[in-house]
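K.L.:
With the input below, show me the fold.
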Amino acid sequence: MAKYNRLTPEAAELLQAIVGKQRFSAGDGVKPDYAHDEMPIYGRYLPEAVCLAETTEEIAAIMKVCNERKIPVTVRGAGTGLVGGCVPVHGGIVVSTERMNRILEYDMRNLCVKIQPGVLLCDLAADALAHGVMYPPDPGEKTATVGGNVSTNAGGMKAVKYGVTRDYVMAMTVVLPNGEIIKLGKSVCKTSSGYSLLHLMIGSEGTLGIITELTLKLIPKPEKDVTLMLPFQDIATAIAAVPAIKLANLDPQSIEFAERDVIDSSAEFTGNHIFPTVVNGKEAGAYILVTLVGNNEQELLPKMDRLGEVAEKAGAYDTLVIWTDTLKKDVWAARSAFLTVIEAQSKLLDEMDVVVPVDKIAPFLVYVHEEADKQGVYIKSFGHAGDGNLHIYCCSNDLEEDEFKRRVKKLMDASYAKCTEFEGQVSGEHAIGHAKKQYLRESVGETAYGLMGQIKMVFDPYEILNPGKVCHDLEGGAEAC
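P.N.:
Prediction:
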């Protein structure tokens with residue numbers, strides 16, 4: 001079991017010399033933001049120092065100092081995670097990649113781009129489009145860093161057509177816990193060349209190495225797209241339509257769902273009332289959003305007609321076509337605001353990010369709502385109907401925090417057990433961090449969990465890199481602040 005050392009004045013002096021006085025802070029100079037991510041209910045832990053790195057070589061030098069002295073290191077991007085993954089629960093040093101935010105070069109012949117890990121997703125997506133290409137991964141938090149997306153294998157709204165972040169990582173530069181620099185992968189489309197350390201690093205949440213450079217696959221951008229809104233009576237009817245939509249040979253870019261209460265909250269908070277609540281004289285209780293893409297309008301029209309037929313047969317009140325850029329912007333702005341709205345309107349918040357087979361979405365949501373009612377916890381949910389990834393938020397404005405945590409734990413214990421029963425997974429894209437380790441262990445079993453722990457030890461024998469996360473178990477930790 002690891003036993004960590006505190007940051008000494010001598011070590012602090014070495015770290016400051018690596019990054020410079022302006023990019024090093026320690027003690028009272030550490031900003032509180034580095035103590036938490038966007039789900040503060042999982043704890044706030046101040047690091048002893050923060051290093052704002054700018055190069056691979058700086059991170060390598062930092063890791064050598066900390067590895068030799070057994071000082072824990074937690075890497076951090078934009079801090080937009082939801083499972084405490086970038087929170088320094090065992091103190092030590094935070095290495096921030098926020099200043100490593102350059103798009104380095106495009107290779108249009110091989111359709112790829114090389115970037116630093118601190119580039120924001122929104123910046124890469126916009127820059128790629130400006131170059132006439134597309135970076136498809138589309139997680140909801142657009143101000144997350146791409147390095148963070150890779151570290152959690154984030155998915156997003158376009159995963160049903162294009163896949164997840166993992167499918168677009170071709171190569172990377174990584175600093176190992178001992179400070180050694182390695183390059184994984186190549187700018188090629190396929191490989192059968194030994195164990196894929198590249199794919200092992202993707203989704204490892206900064207527990208095996210620190211990503212300092214990425215080569216990402218790009219695709220030609222679609223020439224035309226259209227969004228179609230399908231209002232339904234309730235969530236069960238809406239979700240039941242998804243398999244038929246997927247089987248209709250439409251190749252949709254996204255299939256999203258939302259329950260009515262989330263829509264109402266978003267409209268009230270943002271003033272954006274783009275989702276109609278009454279359609280053809282009927283109250284809508286849930287919605288499916290489908291985006292279709294093609295080379296031109298003529299290519300899309302028969303797909304739209306086919307979707308309308310499928311939707312009508314499935315019980316949709318109507319098929320509302322959203323062609324104009326302004327309306328599309330309003331619809332997807334409302335969808336992107338869901339989490340922000342829930343956070344703003346809830347004093348206490350916790351979340352589940354489960355993924356289940358598509359035909360189990362509706363029964364799983366029904367089960368969670370029933371269990372939430374038993375515990376007196378309010379639920380708001382939305383997510384990716386096309387791939388079964390559900391974002392379920394437990395909310396309260398009345399309970400004390402300890403009582404809220406007690407009730408939510410009972411709800412989550414039951415819900416994650418049901419997820420396992422349905423052959424689902426603990427997380428679809430938000431990852432494990434330190435908040436969901438128990439449920440990962442219960443889901444995959446002791447053998448698989450133990451193998452993950454052994455992999456961690458191969459890469460990080462002193463257990464200094466992002467300790468206490470994913471599959472790494474340590475008692476105690478830094479004092480919460």
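K.L.:
how near is the residue lying closest to Ile288 once chain neighbours are set aside to Cys394?
P.N.:
Distances taken as Cβ to Cβ, 6 or more residues apart in numbering put Leu230 closest to Ile288, at 4.3 Å, once the chain neighbours are dropped. Every C-beta, even on glycine, is put in place using the N, C-alpha and C of the backbone. Going from Leu230 to Cys394 by Cβ to Cβ, to the nearest Å gives 27 Å.
K.L.:
between the two, who's got more neighbours?
P.N.:
Between Leu230 and Cys394, Leu230 has the larger neighbour count (other Cβ atoms under 10 Å), namely 28 against 25.
K.L.:
Quick check: the more buried one is in a strand.
P.N.:
Yes: according to DSSP: H, G, I helix; E, B strand; the rest coil, Leu230 belongs to a strand.
K.L.:
Which residues are in contact with the most centrally placed residue in the chain?
P.N.:
Ranked by distance to the mean C-alpha position of the chain (Cα atoms, centre = their mean), the top residue is His430 at 3.7 Å. His430 sits next to Gly81, Leu82, Val83, Thr152, Ala154, Glu351, Asp353 when contact means Cβ atoms under 8 Å, 6 or more residues apart in numbering.
K.L.:
Ramachandran angles for the residue nearest to it when sequence neighbours are not counted?
P.N.:
Leaving out its chain neighbours, the residue that sits closest to His430 by Cβ to Cβ, 6+ apart is Asp353, at 3.9 Å. When read as degrees, to the nearest 10, the backbone of Asp353 gives phi -130, psi 40.
K.L.:
partners of Asp353 in the sheet?
P.N.:
The bridge-partner assignment for Asp353, based on DSSP bridges, gives Ser427.
K.L.:
Can you check the contacts of His430 and name whichever has the most neighbours?
P.N.:
Most surrounded of the contacts of His430: other Cβ under 10 Å gives Thr152, at 29 neighbours.
K.L.:
Who's the closest spatial neighbour of it, skipping the chain neighbours?
P.N.:
Ala431 (3.9 Å).
K.L.:
Where does the prediction get shaky in the stretch 51-200 of the chain?
P.N.:
Judged against pLDDT under 70, the stretch 51-200 of the chain has no low-scoring part.
K.L.:
nope, the stretch 351-481 of the chain is what I was after
P.N.:
Low-confidence segments of the stretch 351-481 of the chain (pLDDT under 70): 476-481.
K.L.:
can you pull the pLDDT of Lys31?
P.N.:
Looking at Lys31, its pLDDT reads 97.
K.L.:
Next, count neighbours for it.
P.N.:
9.
K.L.:
That one contacts Pro47, correct?
P.N.:
No: with contacts counted by Cβ atoms under 8 Å, Lys31 stays clear of Pro47, the gap being 10.2 Å.
K.L.:
Name the surrounding residues that touch stretch 198-208.
P.N.:
Contacts of stretch 198-208 (Cβ under 8 Å, 6+ apart): 74-75, 85-86, 150-153, 165-166, 169, 171-172, 174, 176, 184-185, 209, 211, 431-433, 455-456, 459-460, 465-466, 469-472.
K.L.:
ok, the residue nearest to Thr152 to Pro117 distance?
P.N.:
Ala431 is 16 Å from Pro117, by Cβ to Cβ.
K.L.:
Could you do Ala240 as well?
P.N.:
According to Cβ to Cβ, Ala240 stands 41 Å off from Pro117.
K.L.:
Okay, domains of the chain per the record?
P.N.:
Here the domain parsing of the chain from automatic domain parsing is 9-99, 103-220, 225-318, 346-443.
K.L.:
With distance to Lys3 as added columns, please give the ones you listed in a markdown table.
P.N.:
Below are these laid out as a markdown table (distance: least, Cβ to Cβ, whole Å):
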| stretch | distance to Lys3 |
| --- | --- |
| domain 9-99 | 7 |
| domain 103-220 | 16 |
| domain 225-318 | 46 |
| domain 346-443 | 19 |
